[in-house]
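Student: Predicted coordinates and the sequence they were generated for:
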Amino acid sequence: MTRPPVEFRDVAAGRALQARLERAMSRATRPITLMHVCGSHEQAIARYGLRSRFPGNLQIQMGPGCPVCVTDAPEIDACVALAQCGVRVLTYGDMLRVPGSALSLDDARAAGARVELIYAATQCVEIARATTEPIVFFATGFETTAVATASVLLSDPPANLFVLSAHKWVPAAMEVVASSPDTKIEGYLAAGHAATITGYGIFESFVAKHGKPVVVAGFEPLDILSGLVLLVKQVLEGKAAVVNAFARCVSRDGNVRAQDALFRVFRHTDGDWRGIAHVARGDLRLRDEFAAHDATLRFADELATATPPALRANLAECRCGAIMTGLQSPTDCPLFGKQCRPEAPVGACMVSTEGACRIWHDHGAAAAGISR
Amino acid sequence: MRSLIESIFLAGVNDAEALAMGDGAAILLGDRWLVLTTDAHVVAPVFFPGGDIGRLAVSGVVNDLAMMGACDPLALTSSVIVEEGFPLDSLRRIQASMVATCSEAGTRIVTGDTKVMRRGELDGVVLSTSGVGLTHRVVRDSGLCVGDDILVTGTIGDHGLAVLSARNDLGLDGDLRSDVAPLNSLIRAALTAAGDALHAMKDPTRGGVISALSEMADKAGVAILLDQASLPISAPARAAAELLGIDPLAVANEGKALLGVHPSVTSATLAALRAHPLGRDAACIGRVRAGVRGTLMLDTGFGTRRLLERDGDPLPRIC
Amino acid sequence: MCLGVPGQIVEITGNTALVDFWGVRRKVALDIVDEEVTVGDHVLVHVGFAIRRITPEDLAETLAFFEAMTSADLEGLAPDARTLGTGKVEGAP
């Protein structure tokens, strides 16, 4: 079988990079904690078993880069409410099992609501065109995914297609983490595919303000290992620069055409991210010009009169926010492993296979890379 | 699911008279064992690339018998429960498929039952099949020994990925098809080559290779280490898995078996498997080790990771 | 959310490309890709949209980059790690 030329998974090269990382960390006089802010980076790290060979004094922690984790309960509740009103709702698979304050979309579906999975944003157009009833697309994900939603709305979508936007903007969350006075994070691995859209230039002000290096990395195992080598090098040398280690996909200015589409359709608003609470400019919401396709306007009455769901007991004790920003570890949470387990998750960190609590629960502390 | 089965359905089965293992059992009859198995099939869509519910139902029961060492099924039963209004033409296609699959396996359906339920009370059609066979030696899924090699009879993940793709209308164009097939003649060849050195067998259906090997390791009190580079995966399955963010090791296979064999017979067993049309891609994918019971690990070449069973079917993800 | 998967364009019809992923193919929208693309180009695909054209030069440079990363000297790194301002930051340890 021919290997795709776009895969970079040479095991020998991997070993060389791992040895390089080991040598670098052997010269470190203290443990170092780095953070990545992308669910797909965590997936890739887990998939290739990279943590099993990280040097013992290097912690790679997952930050608030998992859209499943940070989509707040009220946002899911709104979507569940619409589904329970009989509206056909379309969602990506990632969000199906995330609990809101009480129910997930999957729970609603089991009870008879019409919740359907889609895999490509264009499917919502096909589905809307095939019917006259309103279709609501639960638009979740970060900027990489938001551009697809934007493109759909700019392509003369059918009048019965409505978007419930829960899109978010990752750099805003990096800002929250880096600004926290207690943060132990010394460097950031930036999400490669998001940077394909935004360019790496947007990290320059972040680096200047916080004095912490940022390396943009891709998702092949060699991409991640190279990114970490370059990040560790900077940290040990006391440097703080933006380095692009994913040049085949990322340029300084990014994909301008996609950015234009994104900002014609969306504007930044302040957001409440699950567990982190306030993230300034963290959300992407539809501009007024697209009011005709805004689900919050079309279904304002239904959303206003929906019975507020009975809150899950324990929600107040959930520590997802502190865990996602690296301030606490899963075992600091009173619910971890007891009321909050993969089969019965309270917070999203346990729902998502990328969530820190789920990884810790399934693979152990070392796998979660949580700094103590 | 397993705890439900154990607590409600297996309570009270006396091990001296019968061996109850999962969905099969063996009863001693003179110098041979009478092996019985039963299964129910619900699949959507009913017709999928590479097969249909009828082929699935027959292969399922033939393979369950084969996994216990009974490679010459004596006869099968087939019960059909169908929703009122289910297209007659579809029923005919399903029936034809069942007959053809029986013929492939060298067996026949000798009796059955049919029920019709009111529209809306059932989703399409449910098939339930039972099978019976004889064997001198019952092979269990609990017999792995430290040092055994783990063999798989062919490519991994085909059925689960094909059905998922068809069910969600994911627009993937390619030769992604279910592997559903009766394996009895393949397994007969393996048993002939390996003899008593074949210690354990299981077919990785729901939950995939991860589920099956975890259970085998747990029952034998051993651990297993798999080698990523050795896993046979077809190009369409590999590509679909990358696109959907799904692990081929976690989805169902309906025409494959996992064998635990003493390393002295690995070559001979692989040769026997590869000589058979259903075993061309057979490979040794790992080894049994001493360790924490039930632990399944994968060496990716970049490190090792624990493979864990997940609740529920994998969903396509975009992240 | 960034499950971006690279594929190769085999056919283009208007604003849609048929992309090959070395085993399966899928239709992909070209509305927001950064450059003009032609048959034979590689693209990075996310939720059914091409978001970046990847050239053969990009792939070759990537191989060279990994070569450089695994060899002894990291100073004056191969061109693909584009850096901005590598001076020491005030106040850093």
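Tutor: Done, it's in. None of the values given here were measured: they were computed from a predicted structure.

Student: Sticking with the closest residue to chain C within the stretch 151-300 of chain B, tell me its helix or strand.
Tutor: At 2.9 Å from chain C, residue B:239 is the closest residue in the stretch 151-300 of chain B, using CB to the nearest CB. In short, each C-beta sits where N, CA and C put it, glycine included. Residue B:239 belongs to helix B:235-244 when assigned by DSSP states H and E.

Student: That helix and chain A in contact?
Tutor: Yes - for helix B:235-244, a contact with chain A is found by CB under 8 Å from any CB of the partner chain, at B:235, B:238, B:244.

Student: The closest residue to the first one other than its chain neighbours: neighbour count?
Tutor: The one in question is residue B:235. Closest residue in space to residue B:235, ignoring its immediate chain neighbours: residue C:23 at 3.7 Å, by CB to CB, 6 or more residues apart in numbering or on different chains. Counted with other CB atoms under 10 Å in any protein chain shown, residues neighbouring residue C:23 total 22.

Student: how much space is there between the residue lying closest to residue A:274 once chain neighbours are set aside and residue A:320?
Tutor: Excluding the flanking residues, the one nearest residue A:274 by CB to CB, 6+ apart is residue A:72, at 4.4 Å. Note on residue A:72: its distance to residue A:320, by CB to CB, to the nearest Å, is 10 Å.

Student: Need the residues touching each of the two.
Tutor: residue A:274 (CB atoms under 8 Å, 6 or more residues apart in numbering or on different chains).

Student: Which of these two has more residues huddled nearby?
Tutor: Between residue A:72 and residue A:320, residue A:320 has the larger neighbour count (other CB under 10 Å), namely 29 against 21.

Student: Would you mind confirming that residue C:41 is in contact with residue C:7?
Tutor: No - the pair residue C:41 / residue C:7 is not scored as a contact, 9.9 Å apart, by CB atoms under 8 Å.

Student: For those two, indicate the residue with more neighbours.
Tutor: When neighbours are counted by other CB under 10 Å, residue C:7 comes out ahead of the other of residue C:41 and residue C:7, with 27 against 20.

Student: secondary structure element for the more buried one?
Tutor: Element membership for residue C:7 (DSSP H and E) is strand C:5-13.

Student: Spatially nearest residue to residue A:162, not counting backbone neighbours?
Tutor: residue A:295 (4.0 Å).

Student: From residue A:161, how far out is that neighbour?
Tutor: Residue A:295 is 10 Å from residue A:161, where distance means CB to CB.

Student: which residues touch the residue in the stretch 151-300 of chain B positioned nearest to chain A?
Tutor: Nearest residue of the stretch 151-300 of chain B to chain A (CB to the nearest CB) works out as residue B:300 at 4.6 Å. Applying CB under 8 Å, 6+ apart, we find residue B:300 in contact with A:47-49, A:221, B:228.

Student: Next, the nearest residue to residue B:115 once chain neighbours are set aside: phi, psi?
Tutor: Nearest residue to residue B:115, sequence neighbours excluded (CB to CB, 6+ apart): residue B:81, at 4.8 Å. Backbone geometry at residue B:81, expressed as degrees, to the nearest 10, gives phi -120, psi 120.

Student: Can you give me every residue that contacts residue B:81?
Tutor: So residue B:81 contacts B:114-117, B:122, B:125-128 (CB under 8 Å, 6+ apart).

Student: Please report how far it lies from residue B:123.
Tutor: Residue B:81 is 11 Å from residue B:123, by CB to CB.

Student: Ok, residue A:317 next?
Tutor: 40 Å.

Student: again, but for residue C:41
Tutor: Separation of residue C:41 from residue B:123 (CB to CB): 44 Å.

Student: Looks like residue C:4 contacts residue A:191 (just checking).
Tutor: No - counting by CB under 8 Å, no contact exists between residue C:4 and residue A:191, whose distance comes to 10.0 Å.

Student: who has more neighbours, those two?
Tutor: residue A:191 (30 against 24).

Student: Give me the nearest residue to the more buried one, chain neighbours excluded.
Tutor: residue A:38 (3.5 Å).

Student: thinking again about what came up before, the contacts of residue B:81: which two are farthest apart?
Tutor: Spatial extent of the contacts of residue B:81 (CB to CB) is set by the pair B:116 and B:128 at 14.8 Å.

Student: neighbour-wise, which of these two wins?
Tutor: residue B:128 (18 against 14).

Student: show me the contacts for that one.
Tutor: Residues in contact with residue B:128 (CB under 8 Å, 6+ apart) are B:38-41, B:57, B:78-79, B:81.

Student: Now, those that are in strands?
Tutor: Secondary structure from DSSP state E places B:38-41, B:78-79, B:81 of the contacts of residue B:128 in strands.

Student: now, which of those sits nearest residue B:96?
Tutor: residue B:78 (13.1 Å).

Student: Near the closest one, how many other residues are there?
Tutor: Residue B:78, neighbours per other CB under 10 Å, totals 22.

Student: Can you name the residues bridging to it?
Tutor: On the basis of DSSP bridges, residue B:78 is bridged to residue B:112, residue B:129.

Student: Nearest to chain B: which residue in chain C?
Tutor: Going by CB to the nearest CB, chain B is nearest to residue C:23 of chain C, at 2.9 Å.

Student: On the pLDDT front, check that residue for me.
Tutor: Here the pLDDT value assigned to residue C:23 is 92.

Student: residues in contact with it?
Tutor: B:174, B:176, B:234-240.

Student: at 7 Å instead, please
Tutor: Each residue near residue C:23 by CB atoms under 7 Å, 6 or more residues apart in numbering or on different chains is listed here: B:174, B:235-236, B:238-240.

Student: and what of residue A:291?
Tutor: Per CB under 7 Å, 6+ apart, neighbours of residue A:291: residue A:297.

Student: Assumed it was part of a helix.
Tutor: Yes - under DSSP: H, G, I helix; E, B strand; the rest coil, residue A:291 falls within a helix.

Student: Tell me the confidence at it?
Tutor: Looking at residue A:291, the pLDDT reads 97.

Student: how close does it sit to chain B?
Tutor: Residue A:291 sits 26 Å away from chain B, taking CB to the nearest CB, to the nearest Å as the criterion.

Student: just residue A:188 next, same as before
Tutor: As judged by CB to the nearest CB, residue A:188 and chain B stand 19 Å apart.

Student: Thanks a lot, catch you later.
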